[in-house]
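# The sequence isn't on hand, but the structure is:
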């Protein structure tokens, strides 16, 4: 790796201000020296003129659904134009690995592999509208998956071992507690995933099959994490009015196992939610959380509209159930009446067609960007009937953007992000990768919005605070040694940020617009974004806890 000098940059000082201009030399993937501007003038070395811009450590997106999308150039551009150089995927307990590849011969006597369900195929189908389709990975170990990110992308990729995938591999879609023997097999799969480089484990306790896990199972698995000092990252069993008991469950698990706990996309009434965090800290527990600066969320339509008594983890069975008159009658009597306040808040994001090759399917892509009541009016159906039709037509692959309840207010968003346990996460869903649909704009704008709104306009953070919440603290949370700071010896994942110009450009109506104000980014000291355009370099690496390689 050749040396490069970033000339005339300003670093962020602990008081929140900016330093005098400095020249920063990077070499062999690391920051080599920081000297007053004009002092460093090695002959023949490439230079990058900072022009007084802030030189920040690359941001770490602590929660993103990008295991397929991160290999797409347009998505890489979206990340880099916000200053994001590293992402943590494998979120909400559902992703591609670990899982044996279809038809893979399993070694005789290998009890961790023998008789496993094909969790890769299941996860690819269940979360198709969230994670998209990986272009090459069809099953295997976490090491196999991480290898697909080694110098094939412009950003670094860390991976959480997904509990739901591990559980499905052992139990399939079984709607019950695990036996001790099954728990031991899950522990073995988790141990192998951590050996392969997973940064921790994620749970999605509102999703199937994780919703069937009891506390004994969670304690048994998180004890494996605690022994290694790695975090349990959880989409809790509920949010808003369910946040209290859901958070209490995580506290009990953490107290018993000793695991560090990180809550995904924390949102709702801030005074209540932060009280839970402060109480956990008072008990000596290590608890952090991520949040994003928007009032709308995004998920798969099946998750927000169907009850857990349906076998949602089994797509074929659920689609069949949604055409069964008896099941539909029960849904309309018992479940759908509880969602009357939800329907007006739902806007369709991605409604794919042709989800089963060679099989004709109703094309409802025209519904993308429309509210569910508007779609219902066009079809001459009720909103509940419309949701069922969309789910059947897409084989549960429809996704939606939805407005959160009023308790997720602007004041609540601001209070959460000011807390000392907060880190930034976009919860970005880029599917469908390659364009189309009406995705949530957070994947294109969350980190720029943090800076534009909460540093420059509202003053919730200083620039030092922004670095802490968006880079330093998430790097510490996931044991990303050498990242999150700009000091000699640190990994040279660096972003030049114009503090007066950085802003999000993506909107709900036009969600794929890259942000402004970040035109030059280095990953491992290699320019990957220059003058606002991607270079041809692909220095991204899979991230492993404690690893310092570049």
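Arrived safely. Treat the numbers as computed from the prediction; the structure is a model and nothing was measured.

# contacts, neighbours, all on C-alpha from now
Will do.

# how about residue 478, what does it touch?
Residue 478 makes contact with 199, 200, 230, 231, 545, according to Cα atoms under 8 Å, 6 or more residues apart in numbering.

# would you list these in CSV and tack on neighbour count?
Compiled in CSV, those are given as follows (neighbours: other Cα atoms under 10 Å):
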residue, neighbour count
199, 30
200, 30
230, 23
231, 25
545, 22
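
# out of the residues you listed, who's nearest residue 137?
residue 199 (19.4 Å; Cα to Cα).

# Hmm, the closest one is touching residue 161, no?
Yes: the criterion here is Cα atoms under 8 Å, and residue 199 meets it with residue 161 at 7.5 Å.

# re earlier: now pLDDT, secondary structure and distance to residue 208 too, for the contacts of residue 478, in JSON lines please.
Shown next, in JSON lines, are the contacts of residue 478 (pLDDT from 0 to 100; DSSP: H, G, I helix; E, B strand; the rest coil; distance: Cα to Cα, whole Å):
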{"residue": "199", "pLDDT": "98", "secondary structure": "coil", "distance to residue 208": "22"}
{"residue": "200", "pLDDT": "98", "secondary structure": "coil", "distance to residue 208": "20"}
{"residue": "230", "pLDDT": "98", "secondary structure": "coil", "distance to residue 208": "24"}
{"residue": "231", "pLDDT": "98", "secondary structure": "coil", "distance to residue 208": "21"}
{"residue": "545", "pLDDT": "96", "secondary structure": "coil", "distance to residue 208": "28"}
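
# Check those residues and tell me the two furthest apart.
Within the contacts of residue 478, 231 and 545 form the most distant pair, 10.7 Å apart (Cα to Cα).

# Pull up the overlap in contacts between the two.
199, 478.

# Break down the stretch 301-450 of the chain into its strands, ranges please.
346-350, 399-403, 422-424, 428-429 (DSSP state E, counting those that start in this stretch).

# nearest to residue 136, of these?
Of all the strands of the stretch 301-450 of the chain, strand 428-429 sits nearest to residue 136, with 19.4 Å by Cα to Cα.

# Average pLDDT for that closest one, rounded please.
What strand 428-429 shows for mean pLDDT is 96.

# if we can go back for a sec, go through the strands of the stretch 301-450 of the chain and name the closest to residue 340.
Of all the strands of the stretch 301-450 of the chain, strand 346-350 comes closest under Cα to Cα, at 11.0 Å.

# The residue nearest the centre of the chain bridge partners, please.
Note on the chain: the residue nearest the mean C-alpha position is residue 64, at 1.9 Å, using Cα atoms, centre = their mean. For residue 64, the residues forming beta bridges with it (DSSP bridges) are residue 428.

# Now do it, the pLDDT please.
98.

# That one contacts residue 429, doesn't it?
Yes: Residue 64 is within contact range of residue 429, at 7.0 Å (criterion: Cα under 8 Å).

# Run a quick neighbour tally on residue 13.
13 (other Cα atoms under 10 Å).

# which element is the residue of the chain most remote from its centre on?
In the chain, the residue that sits farthest from the middle, by Cα atoms, centre = their mean, is residue 43; the gap is 42.6 Å. Using DSSP states H and E, residue 43 maps to neither a helix nor a strand.

# about what we covered before: make JSON lines out of the strands of the stretch 301-450 of the chain and add mean neighbour count and distance to residue 267.
Output for these, formatted as JSON lines (neighbours: other Cα atoms under 10 Å; distance: least, Cα to Cα, whole Å):
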{"stretch": "strand 346-350", "mean neighbour count": "27", "distance to residue 267": "18"}
{"stretch": "strand 399-403", "mean neighbour count": "25", "distance to residue 267": "12"}
{"stretch": "strand 422-424", "mean neighbour count": "27", "distance to residue 267": "12"}
{"stretch": "strand 428-429", "mean neighbour count": "24", "distance to residue 267": "15"}
